[in-house]
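Undergrad: Here is the input, now give the coordinates:
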Amino acid sequence: MYTTYHLNSAQEINNDFLEAIKHTYKSKAITIIVEEDEEVTDEMKSVLKQRLNEDEESYITAQDSINHLNKKYGL
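TA: Residues are numbered from 1 along each chain as shown. Next up, the predicted model:
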């Protein structure tokens with residue numbers, strides 16, 4: 001089973017939250033991964049906006065891009 005919890009703050013983790021996890025998974029082995037949400041910065045937005053304004057004629061597919069990297073760097 002896979003469950004994702006999205007919290008607005010680490011402060012939301014309390015005994016009720018932990019008890020809900022215990023109740024759901026009972027005595028099963030579980031793994032808890034904590035990942036900080038990253039916000040999109042103004043710089044990232046700027047790069048994305050530039051990319052959206054690029055000429056579509058010059059686009060290459062993801063596979064072509066991977067092939068170019070493999071050829072250039074021997075990956």
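Undergrad: Show me what the helix or strand in which Asp16 is found is packed against.
TA: Asp16 is located in helix 15-25, with elements delineated by DSSP states H and E. Contacting helix 15-25 under the criterion 3 or more Cβ pairs under 8 Å, 6 or more residues apart in numbering; DSSP states H and E is no other helix or strand. Bear in mind the C-beta positions are built from the backbone N, C-alpha and C, glycine included.
Undergrad: what's downstream of it, the next helix or strand?
TA: helix 42-52.
Undergrad: What's the first helix or strand after that next one?
TA: helix 62-73.
Undergrad: what about Asn67, neighbour count?
TA: Asn67 sits with 13 neighbouring residues when counted by other Cβ atoms under 10 Å.
Undergrad: what sits against it?
TA: Not one residue lies near Asn67 by Cβ atoms under 8 Å, 6 or more residues apart in numbering.
Undergrad: Now do it against Glu35, distance only.
TA: 31 Å (Cβ to Cβ, to the nearest Å).
Undergrad: Around the spatially closest residue to Thr3 that is not a sequence neighbour, how many other residues sit close by?
TA: Leaving aside its sequence neighbours, Thr3 sits nearest to Thr24 (Cβ to Cβ, 6 or more residues apart in numbering; 7.2 Å). A total of 11 residues lie near Thr24 under the criterion other Cβ under 10 Å.
Undergrad: Thr24 reaches Tyr5, doesn't it?
TA: No. Counting by Cβ atoms under 8 Å, Thr24 stays clear of Tyr5, with 10.6 Å between them.
Undergrad: ok so, going back, name the surrounding residues that touch the helix holding Asp16.
TA: Against helix 15-25 from outside (Cβ under 8 Å, 6+ apart): 1, 3, 5, 30.
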